[in-house]
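Undergrad: Kindly generate the corresponding structure for this input.
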Amino acid sequence: MLLLSLQPNVFEMKIITTLLLPIIFFQFAWSQQLTIAQIKTNLENAPNPIAYTRDVLKKQYKIDTIIVLNSTHFSGLADSLAYHGKIKKVYGPYQKKMLVQVLAKLPNTFTRISQIFIDTSIFTRRIADSLANSIVERIQTGAASFEDMAQTYSMGGEGATKGDLGWVARGAIIPQMDKEIAKRKKGDVFKIWTKAGVHILKKTSDAKQDTGFALILRVII
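TA: Coordinates of the predicted model:
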């Protein structure tokens, strides 16, 4: 009578070990909670950060397209990171619960402009027009600088920056202003009317290409 051995032989042990080791290692790896620093490093090194977040980290995430409207003055953290952040770099955590990674960037056209704004809710249109003509004439003849006139007369909050609006993205301002600025050359001073009042504008610098859009991954940790 033959008895079947209940003890696995050496060959069987090798097979069992080969099959079980990856499972044991995987369970051990995930039993060790990743630190924030490790998550950031793994995201930066991942070929596909979105897939890594979804399938490996199993964290909630959101993908946003951020528009940079002004490369000199930023409205908040999102556009500041979109402009200054490096592609693949992970920033944060913010509010102790969110990491932000810059996935990609695209360019837009930016022009540096300055403004003196005269509000027609304060002055009549006739007085505002007369004042605007006087300001433009004084600037063009060299009797006064644009910066001095902005500090004295502008009602749009530009007094603190001497009229400087910074590098403004194409499409970020009123279309008629955008169109007129594109036609002008560096140093031109001119006025444009809108429903709010009269805008005296100066094209401070020629247009240039710069970061205008960024694809951002937000990971909830």
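Undergrad: For the strand of greatest length in the chain, buried residues please.
TA: Determined from DSSP state E, the single longest strand within the chain is strand 98-119. For strand 98-119, the neighbour count (16 or more other CB atoms under 10 Å) marks 98-102, 105, 108-118 as buried. In short, each C-beta sits where N, CA and C put it, glycine included.
Undergrad: measure G142 to I36 for me?
TA: For G142, the distance to I36 equals 58 Å [CB to CB, to the nearest Å].
Undergrad: what about those two, which has more around it?
TA: I36 (13 against 7; other CB atoms under 10 Å).
Undergrad: Wait, the more buried one touches I221, no?
TA: Yes - the pair I36 and I221 qualifies as a contact (CB atoms under 8 Å) at a distance of 6.8 Å.
Undergrad: shared neighbours, these two?
TA: P93, L99 (CB atoms under 8 Å, 6 or more residues apart in numbering).
Undergrad: Give me the pLDDT value at the residue lying closest to K185 once chain neighbours are set aside.
TA: Computed as CB to CB, 6 or more residues apart in numbering, the closest residue to K185 that is not its neighbour in sequence is K203, at 6.8 Å. Residue-level confidence at K203 comes out at 97, pLDDT.
Undergrad: do F25 as well
TA: 39.
Undergrad: ok, now V198?
TA: pLDDT, V198: 97.
Undergrad: Please name the strands paired to the strand or helix carrying it in the sheet, noting orientation.
TA: Using DSSP states H and E, V198 sits within strand 197-203. Counting by DSSP bridges, the strands paired with strand 197-203 are strand 98-119 (antiparallel), strand 189-193 (antiparallel).
Undergrad: Name the surrounding residues that touch that strand.
TA: The contact list for strand 197-203 (CB under 8 Å, 6+ apart) reads 111-121, 123, 128-129, 132, 135-136, 139, 146, 149, 155, 163, 177, 180-181, 184-193.
Undergrad: same thing but at 7 Å, please
TA: 111, 113-120, 128-129, 132, 135-136, 146, 177, 181, 184-192 (CB atoms under 7 Å, 6 or more residues apart in numbering).
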